[in-house]
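Asker: Generate coordinates for the sequence data below:
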Amino acid sequence: MNRELVIVIDFGGQYNQLVARRVRECNVYCEIYSYKTDIEKIKDMNPKGIILTGGPNSCYEADSPTYTKELFELGIPVLGLCYGAQLMQHILGGKVGKAPVREYGKTETFVSTKSKLFENVEENTIVWMSHFDYIAKAAPGFEVTAYTKDCPVATAEDITRNLYAIQFHPEVLHTIRGKEILSNFVYNICHCSGDWKMDSFVENSIRTIREKVGDGKVLCALSGGVDSSVAAVLLAKAVGKQLTCVFVDHGLLRKNEGDEVEAVFGPNGQYDLNFIRVNAQDRYYKKLAGVTEPEKKRKIIGEEFIRVFEEEAKKIGAVDYLVQGTIYPDVVESGLGGESAVIKSHHNVGGLPEYVDFKEIIEPLRDLFKDEVRKAGLELGIPEYLVFRQPFPGPGLGIRIIGEVTAEKVRIVQDADAIYREEIANAGLDREINQYFAALTNMRSVGVMGDERTYDYAVALRAVKTIDFMTAESAEIPYEVLNKVMNRIINEVKGVNRVFYDLTSKPPGTIEFE
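Answerer: As a prediction, this is how the structure comes out:
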């Protein structure tokens with residue numbers, strides 16, 4: 001499918017994925033590339049616009065990330081954000097240096113409403129600043145179109161060359177009119193038509209998959225999570241019974257989750273596909289017995305999944321295609337997209353398992369962010385409780401149980417987590433909190449229940465608010481909700497006599513416990 005494209009060139013900024021997501025929210029397709037990407041490749045892509053991200057460096061230092069001046073001479077609109085704005089000015093003859101006053105956080109900014117960038121934006125607006133350096137003098141040909149008390153060049157533009165520099169971050173929610181500013185760039189300046197919509201994505205994907213697969217056989221590892229579920233339904237809509245889904249229940253899922261997955265995808269479900277459920281709980285518990293080190297647990301769970309999946313695949317025989325629920329952040333974070341990539345060990349982008357007899361991999365969601373995957377799921381008619389299911393790690397409850405994993409501990413954390421999720425939903429907070437779950441600590445302490453002393457486990461409740469899951473803050477859950485959750489867990493879950501609420505942000509903590 002030929003589609004309009006805006007590209008993000010990443011200079012190591014923490015918001016690189018967020019920039020691309022914001023552009024896509026304008027119904028314009030956007031991809032992320034490293035600043036090391038060759039100019040000829042960018043020319044070949046023929047983007048409608050280019051956005052340069054922020055980054056942690058000073059653009060005037062010799063070893064800092066940079067780009068060829070030719071980028072600004074292609075006739076393609078370029079928008080520089082923070083470091084990207086400074087780099088643009090530095091390359092084109094402006095002056096960038098250490099700011100006399102560092103700006104960080106919400107900042108009052110005065111903008112020129114005559115600029116196409118600030119259409120429908122008030123002259124006095126609040127933006128999110130985060131910079132040590134500043135543009136001391138705009139490059140020749142640029143007009144200053146916004147300033148703050150401490151920043152003389154908050155934005156500058158050269159309308160003749162379609163070059164725009166913004167010192168602040170329009171992509172974050174703290175910039176009040178950030179969405180409008182990015183929308184103005186892609187529509188008023190890049191003249192995009194906005195044809196990136198989920199209904200057309202679903203329709204085109206089904207047609208493309210059908211043409212690609214023909215009468216071939218397709219195998220999918222179905223976890224029951226959002227990504228694999230949406231990928232499976234796309235394939236089922238395209239090729240029906242040519243698809244076989246293998247669901248490995250490793251006994252580390254949330255309460256009743258295995259049965260819920262089977263109800264949707266199994267023989268009595270709504271989709272015309274072949275469904276195989278493998279109940280491998282005991283096998284996993286034996287493998288994990290006595291193992292306490294988090295990374296070792298992850299490795300055992302991952303390797304055992306591949307072994308079980310391979311055994312089932314051998315029963316099926318040779319297939320033509322293997323389906324993976326890879327999504328766009330997986331691609332970026334596996335080093336195949338932007339610059340600020342950290343390879344994640346549990347991402348399996350573009351390959352494996354090793355011993356399954358297949359010809360090619362299909363990754364139908366490879367271009368989508370998580371929120372877009374959810375939209376695609378709704379478009380496909382997948383039940384809301386599956387589409388909006390809480391993020392869940394590949395190793396499952398194995399990394400929400402501190403220390404050794406046993407069947408008894410799994411029962412405790414499943415029951416506690418189910419109560420927590422139920423009460424969060426009852427309070428109407430389930431769509432406000434980005435991720436929440438119960439974890440089982442390895443701490444046991446003395447308690448009193450009735451007239452008896454107990455020596456039981458402590459459950460930790462986790463709830464965070466985050467934009468991109470790279471940083472997160474603990475959610476402010478009303479005390480009465482937490483108190484109700486605590487009472488129910490202690491009264492209803494055998495083996496627990498204390499409940500904690502984890503206030504740790506990320507960083508320094510992580511969202512998951514192990």
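
Asker: Show me what whatever helix or strand residue 145 lives in is packed against.
Answerer: Element membership for residue 145 (DSSP states H and E) is strand 143-147. For strand 143-147, the packing partners by 3 or more CB pairs under 8 Å, 6 or more residues apart in numbering; DSSP states H and E come out as strand 95-111, strand 155-158. In short, each C-beta sits where N, CA and C put it, glycine included.

Asker: and it, which residues are buried?
Answerer: Of the residues in strand 143-147, those buried by neighbour count under the rule 16 or more other CB atoms under 10 Å are 144, 145, 146, 147.

Asker: Pull the most distant pair out of these.
Answerer: Pairwise distances across the buried residues of strand 143-147 (CB to CB) peak at 8.7 Å, for the pair 145 and 147.

Asker: At which residues are the helices of this structure located?
Answerer: 16-25, 39-45, 83-91, 178-184, 198-213, 226-239, 257-265, 281-288, 294-316, 328-331, 370-379, 384-387, 407-426, 479-492 (DSSP state H).

Asker: Determine how far the last residue of stretch 32-47 lies from the first.
Answerer: 12 Å (CA to CA, to the nearest Å).

Asker: Same question for that stretch: list its buried residues.
Answerer: 32, 33, 34, 35, 37, 42, 47.

Asker: Let me have those residues in TSV, extended by distance to residue 320 and pLDDT.
Answerer: Output for the buried residues of stretch 32-47, formatted as TSV (distance: CB to CB, whole Å; pLDDT from 0 to 100):
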residue	distance to residue 320	pLDDT
32	31	91
33	31	92
34	33	91
35	38	94
37	33	93
42	35	95
47	34	96
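
Asker: Between those, which sits nearest residue 310?
Answerer: Using CB to CB, the buried residues of stretch 32-47 come closest to residue 310 at residue 32, 33.4 Å.

Asker: Bridge partners for that closest one, pull those for me.
Answerer: Beta-bridge pairing for residue 32 (DSSP bridges): residue 8.

Asker: just checking, it touches residue 13?
Answerer: No: look at residue 32 against residue 13 with CB atoms under 8 Å: they stay out of range, at 10.3 Å.

Asker: what do the two both touch?
Answerer: Counting by CB atoms under 8 Å, 6 or more residues apart in numbering, the residues touching both residue 32 and residue 13 are residue 19.

Asker: What pLDDT does the model give residue 451?
Answerer: pLDDT, residue 451: 63.

Asker: Quick one: find the helix or strand in this protein with the lowest mean pLDDT.
Answerer: Ranked by mean pLDDT, DSSP states H and E, the weakest helix or strand in the chain is helix 328-331, scoring a mean of 80.

Asker: returning to that earlier point: format the helices of the chain as a markdown table; extra columns: distance to residue 393.
Answerer: Listed next are the helices of the chain as a markdown table, based on distance: least, CB to CB, whole Å:
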| stretch | distance to residue 393 |
| --- | --- |
| helix 16-25 | 19 |
| helix 39-45 | 34 |
| helix 83-91 | 32 |
| helix 178-184 | 31 |
| helix 198-213 | 26 |
| helix 226-239 | 12 |
| helix 257-265 | 13 |
| helix 281-288 | 15 |
| helix 294-316 | 9 |
| helix 328-331 | 13 |
| helix 370-379 | 14 |
| helix 384-387 | 17 |
| helix 407-426 | 13 |
| helix 479-492 | 21 |
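
Asker: can you tell which of the ones you listed is closest to residue 128?
Answerer: helix 178-184 (7.8 Å).

Asker: Can I get that closest one in CSV? Just the C-alpha atoms.
Answerer: Taking Å, rounded to 0.1, in the frame of the first residue of the first chain, the C-alpha atoms of helix 178-184 are listed here in CSV:
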residue,chain,number,x,y,z
GLY,A,178,1.1,20.4,21.6
LYS,A,179,-1.4,18.2,19.6
GLU,A,180,-2.5,21.3,17.6
ILE,A,181,1.1,22.3,16.9
LEU,A,182,2.0,18.9,15.5
SER,A,183,-1.3,18.7,13.6
ASN,A,184,-0.5,22.2,12.1
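
Asker: Distance from that helix to the middle of the chain?
Answerer: Relative to its parent chain, helix 178-184 has a centroid offset of 21 Å by CA atoms, centre = their mean, to the nearest Å.

Asker: Could you pull out the buried residues of that helix?
Answerer: Quick answer for helix 178-184 (16+ other CB under 10 Å): 178, 180, 181, 182, 183, 184.

Asker: and what of stretch 446-464?
Answerer: By 16+ other CB under 10 Å, the buried positions in stretch 446-464 come out as 454, 456, 457, 458, 459, 460, 461, 462, 463, 464.

Asker: try stretch 147-154
Answerer: 147, 148, 151, 152, 153, 154.

Asker: Any chance of those residues in JSON lines with pLDDT and distance to residue 218 as columns?
Answerer: Formatted as JSON lines, those follow (pLDDT from 0 to 100; distance: CB to CB, whole Å):
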{"residue": "147", "pLDDT": "94", "distance to residue 218": "57"}
{"residue": "148", "pLDDT": "91", "distance to residue 218": "55"}
{"residue": "151", "pLDDT": "91", "distance to residue 218": "55"}
{"residue": "152", "pLDDT": "92", "distance to residue 218": "59"}
{"residue": "153", "pLDDT": "94", "distance to residue 218": "55"}
{"residue": "154", "pLDDT": "93", "distance to residue 218": "52"}
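
Asker: closest to residue 483 among those?
Answerer: residue 148 (43.8 Å).

Asker: okay but that closest one is in contact with residue 109, surely?
Answerer: Yes: counting by CB under 8 Å, residue 148 does reach residue 109; the two are 5.0 Å apart.

Asker: Could you tell me which residues touch both of these two?
Answerer: Contacts common to residue 148 and residue 109, judged by CB under 8 Å, 6+ apart, are residue 154.

Asker: Which residue, other than its chain neighbours, is closest to residue 504?
Answerer: The shortest distance from residue 504 to any non-neighbouring residue, by CB to CB, 6 or more residues apart in numbering, is to residue 474 (6.7 Å).
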